[in-house]
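S.K.: turn this into a model:
(one chain, ligands or ions: 2)
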Amino acid sequence: MPSQTVALPAPEPVALRVFAWTVFPVVLTATLGGALWTIARGVEPAVAVLPFLIGGYAVIAGLERVVPLHRSWLHSQGDLAADIGLAAGNGLLNRLAEPALLAACAAAGLALSERIGVTLWPGHWPLVAQLPLALAVAELVEYWVHRSMHERDWLWRFHAVHHSAPRLYWLNAARFHPVDLALVGTGKMLPLALLGCGPACLALVVLFSAIHGAFQHSNLPLRLGPLNWVFSMAELHRWHHSPRAEEANHNYGGNLILWDVVFGTRWLPADREPPEAIGIETLPAFPMGLWALLASPFQWARVRAQAAGPEAAGVGRRPANSGA
Ligand SMILES: [Zn+2]
Ligand SMILES: [Zn+2]
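M.R.: Numbering: from 1, shown residues only. Ligands and ions are numbered 1, 2, ... in the order given. Next up is the predicted model:
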């Protein structure tokens, strides 16, 4: 009898393996370190983080062209114009609304601290120690806001814009409906301001979230190993973008996977890779244009009917985000 041969996957080149293990920690450390150094020299924190944020984005976007995880994710699938529009619009909204909101909360937090006679935030700690604490606090709120968006229909309508992405690349980190971004951003940043977290620490949270988010959605071959128990990075987040709800309704963490571990929603199968074909299984023909995406939560019945298609109608994502 002829013996059967089993095709084994080709081994990864050593340089690619080294890249996959090191690029995220190296870029994150370099950008945070650069921002800390600049802040220590007396530069306004919100200004100090900007060059490192833009530089980090440029490095990640450039590396995707050189070492993409999937070549099919390199090219627009009708999504690029909308992603640019959402990134620009959301960035502008952030610039306009965030300073006033944060200042109002900081004032409220200060008044509260004076009233109870206790300083709520350990502002005397070094910034490198304040940052993990700030991330953990912010992530607790973000976890439940994000999870609610998957489990409450009226919130899923807004969050579906993010999950309708047909591919993953760095700019997906900004592909959010403005209402989604406002809810997550507000839920995440305002408790910190209310607790008295200072502007330098807040600016570092913004920088960390931006660099982490771009890597999290990047089209890069990343490996974190045990750090997948710390960060909510690409290997975990690609499962969150699976078209199948039973796979996607996991790994809600924005930066950290901490609260997914605590609440039992961390998921990283060891026997297979996340799917290359992503999107929403029950809404495969989701609108792609910028204005159609912005309007989609307000025209949900029509969007659902058009996006589902006849064969998908009646297939439930899960009760809350079935598109019903
Ligand atoms: Zn989600
Ligand atoms: Zn995502």
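
S.K.: what about the residue lying closest to residue 170 once chain neighbours are set aside, neighbour count?
M.R.: Residue nearest to residue 170 in three dimensions, not counting chain neighbours: residue 214, with 4.3 Å by CB to CB, 6 or more residues apart in numbering. Every residue, glycine included, has its C-beta placed from N, CA and C. For residue 214, the neighbour count with other CB atoms under 10 Å is 24.

S.K.: and residue 214, what element?
M.R.: According to DSSP states H and E, residue 214 maps onto helix 199-216.

S.K.: OK, contacts around the nearest residue to residue 269 once chain neighbours are set aside?
M.R.: Nearest-residue entry for residue 269: residue 239, 7.5 Å, with adjacent residues in sequence omitted and distances by CB to CB, 6+ apart. The contact partners of residue 239, by CB atoms under 8 Å, 6 or more residues apart in numbering, come to 247, 248, 250, 251, 267, 268, 269, 274.

S.K.: scan the residues you listed and report the most crowded one.
M.R.: Counting neighbours by other CB under 10 Å, residue 251 leads the contacts of residue 239 with 25 neighbours.

S.K.: hmm, residue 178 is touching residue 89, no?
M.R.: Yes. Between residue 178 and residue 89 there is a contact under CB atoms under 8 Å: 6.5 Å.

S.K.: quick revisit: give me the distance between the residue nearest to residue 170 and residue 59.
M.R.: As judged by CB to CB, to the nearest Å, residue 214 and residue 59 stand 9 Å apart.

S.K.: ok, residue 289 next?
M.R.: 30 Å.

S.K.: go on, residue 212?
M.R.: Relative to residue 59, and taking CB to CB, residue 212 is found at 14 Å.

S.K.: so what touches stretch 84-97?
M.R.: 161, 171, 174, 175, 176, 177, 178, 181, 182, 185, 290, 293.

S.K.: can you classify the residue nearest to residue 155 when sequence neighbours are not counted by secondary structure?
M.R.: The spatial neighbour of residue 155 that comes closest, neighbours along the chain excluded (CB to CB, 6+ apart), is residue 149 at 4.2 Å. The three-state assignment at residue 149 reads helix, by DSSP: H, G, I helix; E, B strand; the rest coil.
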